[in-house]
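*Asks:* just to be clear, the model below is a prediction. Sequence and coordinates:
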Amino acid sequence: MRLILLAPALLALAACGSPEPAPDAPDDTPIPVEPDGGIGDGAGPPAALAGTIPARFQGVWDAEGGDCSPASETRLEVGPDRLEYYESLGTVTGVEPSEGADALVTLAMEGEGQSWTDTVRLQLGETEGRERLLLLPGPDSENLPRPLPRFRCPA
């Protein structure tokens with residue numbers, strides 16, 4: 001009989017408790033976007049670039065002696081979500097900061113009937129007053145035996 005009298009009191013007490021937060025609930029807090037396309041709080045280098053190649057790397061590049069035309073075999077077009085070579089295309093699957101201002105880009109590559117995954121480190125510099133882009137092998141990369149410097153094409 002006592003149990004029957006206690007049951008309504010226990011149910012009322014249980015209903016008053018605060019609910020537990022859902023595990024792994026998504027955080028709806030907006031993530032600030034840096035002017036260069038990266039993500040961060042503006043106080044330092046971004047912790048992750050959320051799959052977008054920073055604006056400073058974007059544009060059309062060609063090797064020394066290249067004419068920057070779409071027919072140039074050494075032309076490289078860098079967009080926010082892709083690297084487009086003469087005969088292959090790399091779709092960005094991840095971007096992380098690397099040494100200094102470099103970016104480590106993971107790509108789903110396809111070209112000449114094949115597909116593979118590659119990681120490259122994008123590095124900007126200057127040679128004889130011209131802006132230079134180097135694509136360096138990323139960790140575990142086997143597809144870039146030597147860096148080929150490319151120079152920004154005129155707009």
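*Replies:* Here it is on my side, so go on. Because the structure is a prediction, the values reported are computed rather than measured.

*Asks:* show me where pLDDT drops low in this protein?
*Replies:* Residue ranges of the chain with pLDDT under 70: 1-50, 143-145.

*Asks:* 90 - rerun?
*Replies:* Residues of the chain meeting the criterion pLDDT under 90: 1-51, 97-100, 137-148, 155.

*Asks:* list the contacts of stretch 71-88.
*Replies:* 37, 51-53, 55, 57-63, 66, 68-69, 89-92, 105, 107, 109-112, 120, 122, 133, 135, 148, 150, 153 (Cβ atoms under 8 Å, 6 or more residues apart in numbering). In this view, the C-beta of every residue, glycine as well, is placed from N, C-alpha and C.

*Asks:* give the buried subset of these as a PyMOL selection command.
*Replies:* To isolate the buried members of the contacts of stretch 71-88 in PyMOL, using 16 or more other Cβ atoms under 10 Å:
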select buried, resi 37+52+53+57+59+60+61+62+66+68+90+92+105+107+109+120+122+133+135+150+153
